[in-house]
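In: below are the sequence and a predicted model; questions follow.
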Amino acid sequence: MTTAERRLVPGEARAGGYRPLSPEAGERHLVRTELCGGSLADGWRRSATPLLALAHLSDTHVMDHQSPGRAELMDRYSDPDSPVRPAAGLIGTYRAQELFTFQVAEAMVLAVRASLRAPVSAAPLNLAVVTGDATDNCQLNELRGYIRLLDGGEVVPDSGDPQRYEGVAAPGVDDERYWHPEGGPPDLPRTRYGFPDAPGVLDAARRPFLATGLGLPWYAVHGNHDNLLQGTVVPQGWLQRFPVGGVKLVTPPSDLDAGALLARFESGDADPLADLARGVQLTVTPDPGRATVTRADHIRQHFRSTGTPAGHGYTQRNLADGTAYYAFDHGVIRCVVLDTVNEHGGWQGSIDETQLGWLEAELVASAARPIVLFSHHPLETLVNDTRPPGAGRRVLAGELRERLLAHPCVVAWLNGHTHVHAVTAVTGPGGAGFWQITTASHIDWPQQARIVEFLATPAGLVIGCTVIDSAGPAGYPAEASAGDQSDPLALAALARELAANDWQLRHLVTADGGAGAGLAPDRNVLLPVDWPRTTGQRRLT
């Protein structure tokens, strides 16, 4: 069921402002005409030819939520009562719903499988693309879990001691900033924000299950969380060893200079993190499966897959040189995948000059065809110039925008990273422009993906975008039975409800959208593009 048929929105508030979700009527497709000479003619679908229909998934953040390598204790500086919140913004190292990322991914896979026909054209889906941050903390066990979730087969959403839960949600962790679904010391999520008790979910979240698999060819895109600890810091030295060890940091020291810590962390500086060790720690079971992965490891693991195509877009060239950008064809459309992760650290993106030269050659060689770009970072977030002395320069948003607008073969750019639905017409003086289609995450509200269709018409190209919910039911039972908790879809429903009530974002979540849901023109839309745009470009019909 797509959001064109039914939407889930916050319902009536309960104690603490906690709102369950309720269904309402679907949202029709809006036509946006910033990149064409006029609106769509009546009956245009009857003459449309499907060129490509894909599932766009992004920011699944498949997570080892018990790992010592995670920095949940930093996230409190974004809480509503934090004095450094205005400067810190959203940090994103802890969420109550992070217990259930495996189950949310499974529920989204099932939703894609249920989309037997694309919503606009009724054409079958051809493939899926995951635009980065497939994993949360660049760990091997997360990477293997995400690949298995998309391929199908048994997944084990657990690490450390298989007999007990060892993360910050445990009843014995005395820190009021964490949700304790099975009781324990009073915590703010339950006492202030109305979060529910959910007995049994700590075991249920760790229980192995048989993943269904997409049943489609799927392509990978490299994201900052796939290569950097918490998406920001290069895992080297003591930080490379820390995730596999037996100590988890839980509560920061009371005298910590949070502002200075966060400023240095955002730039990718790992040294200030050692200061967190002066706070409260938790002893956990060491696990070598939590080893961090490099970009080369990330590429290599995609060849250890039962799904198609081999390497999931990565090629033998990528294996040889360690780069994570590539291109492939689907009919007349050329798909170009960028790697916007800055290997030197920092959560925002950029590319290097070598990749820019490769991209320029791709655009020239395919100038007669529509080109669709894929990356993790959107254009406006390519601002990361972090680099050590002597390293080559980084190519940032302004330069890349100018290069792309000089090539009218570029018609769309699909990405993620911001965890927000957004559709933007990128235009410049004298340039035809392209549509940037940013899809929200599976970790934050609204936990959605998107079906994107490319359709040829006599008047040009139409890009149809339709947001889909996961296959989890609309609501989580107030008193779920043990049987319910064994079902990944029930836990996915709970995760979505928790995400809608995140105390750092809940004031932005409305029936009209807000927070990660964006606004109506960012969700279900039809995006006409004039084509051909220059002499020499071939017609699509």
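Out: Right, received. Where do you want to start? Numbers count the residues shown, from 1 in each chain.
In: quick one: end-to-end distance for stretch 179-194.
Out: 10 Å (Cα to Cα, to the nearest Å).
In: so what touches that stretch?
Out: By Cβ atoms under 8 Å, 6 or more residues apart in numbering, the list of residues contacting stretch 179-194 from outside reads 14-18, 79, 96, 99, 169-178, 195-202, 498, 501, 503, 506. To be clear about C-beta, it is placed using only N, CA and C from the backbone, and glycine gets the same treatment.
In: how about the spatially most central residue of the chain, secondary structure?
Out: Nearest residue to the geometric centre of the chain (Cα atoms, centre = their mean): D59, 1.1 Å. Taken by DSSP: H, G, I helix; E, B strand; the rest coil, the conformation at D59 corresponds to coil.
In: picking up where we left off before, helices - which of the contacts of stretch 179-194 land there?
Out: Secondary structure assignment (DSSP state H) places 201-202, 498 from the contacts of stretch 179-194 within helices.
In: ok, of these, which one's closest to E24?
Out: Nearest to E24, judged by Cβ to Cβ, of those is L498 at 20.1 Å.
In: that closest one: neighbour count?
Out: A total of 25 residues lie near L498 under the criterion other Cβ atoms under 10 Å.
In: now do the contacts for it.
Out: L498 neighbours (Cβ under 8 Å, 6+ apart): 95-97, 179, 195.
In: neighbour-wise, which of those residues leads?
Out: By neighbour count, taken as other Cβ under 10 Å, the most surrounded of the contacts of L498 turns out to be Q97 (26 neighbours).
In: pLDDT value on A482, please?
Out: For A482, the pLDDT comes out at 48.
In: make 45 the starting number, not 1.
Out: Renumbered: residue one is now 45, and that last one reads A526.
In: that older thread, now which of the contacts of stretch 223-238 would you call buried?
Out: Taking 16 or more other Cβ atoms under 10 Å as the criterion, what is buried in the contacts of stretch 223-238 is 60, 62, 123, 140, 143, 213-214, 217, 219, 221-222, 239-240, 242, 245-246, 542, 545, 547, 550.
In: relative to T482, how far out is the residue nearest to the centre of the chain?
Out: D103 is 10 Å from T482, where distance means Cβ to Cβ, to the nearest Å.
In: list residues touching both of those two?
Out: With contacts taken as Cβ under 8 Å, 6+ apart, D103 and T482 have 460-461 as neighbours in common.
In: without its sequence neighbours, what residue ends up closest to N545?
Out: Y62 (5.2 Å; Cβ to Cβ, 6 or more residues apart in numbering).
In: where do the helices sit along this structure?
Out: Along the chain, counting by DSSP H, helices occupy 129-132, 145-158, 184-195, 232-235, 245-250, 282-285, 302-310, 339-345, 360-365, 397-409, 441-449, 526-529, 532-544.
In: quick one: average pLDDT of the last one?
Out: To tie it back to what came earlier, the one meant is helix 532-544. Mean predicted lDDT for helix 532-544 stands at 96.
In: what of the second one?
Out: Confidence over helix 145-158, taken as the mean pLDDT, stands at 97.
In: and if you look at the fifth one?
Out: Helix 245-250 shows a mean pLDDT of 96 in the predicted model.
In: and that helix, how far out from the chain middle?
Out: With Cα atoms, centre = their mean, to the nearest Å as the basis, helix 245-250 stands 23 Å off its chain's centre.
In: contacting residues around that helix?
Out: Contacts of helix 245-250 (Cβ under 8 Å, 6+ apart): 109, 143-144, 146-147, 201-202, 206, 209, 213-214, 225-226, 529-530, 535, 538.
In: just to revisit the earlier point, in JSON lines, list the contacts of L542 along with distance to H356.
Out: Below are the contacts of L542 laid out as JSON lines (distance: Cβ to Cβ, whole Å):
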{"residue": "R139", "distance to H356": "27"}
{"residue": "A140", "distance to H356": "31"}
{"residue": "Q141", "distance to H356": "27"}
{"residue": "W223", "distance to H356": "34"}
{"residue": "F239", "distance to H356": "37"}
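In: for T430, find the nearest of the helices of the chain.
Out: helix 302-310 (9.7 Å).
In: so which elements touch the closest one?
Out: Counting contacts by 3 or more Cβ pairs under 8 Å, 6 or more residues apart in numbering; DSSP states H and E, helix 302-310 is packed against helix 129-132.
In: buried residues in the helix it packs on?
Out: So helix 129-132, judged by 16+ other Cβ under 10 Å, has buried residues 129, 132.
In: what's in contact with it?
Out: 121-123, 126, 302-303, 306.
In: what average pLDDT does that helix get?
Out: Helix 129-132 comes out at a mean pLDDT of 90.
In: take the contacts of L542 and lay them out in JSON lines including distance to F253 and pLDDT.
Out: Below are the contacts of L542 laid out as JSON lines (distance: Cβ to Cβ, whole Å; pLDDT from 0 to 100):
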{"residue": "R139", "distance to F253": "21", "pLDDT": "98"}
{"residue": "A140", "distance to F253": "21", "pLDDT": "98"}
{"residue": "Q141", "distance to F253": "18", "pLDDT": "98"}
{"residue": "W223", "distance to F253": "23", "pLDDT": "98"}
{"residue": "F239", "distance to F253": "25", "pLDDT": "97"}
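In: out of these, which is nearest to T93?
Out: Q141 (40.9 Å).
In: what sits against A543?
Out: Per Cβ under 8 Å, 6+ apart, neighbours of A543: 139, 141, 487-491.
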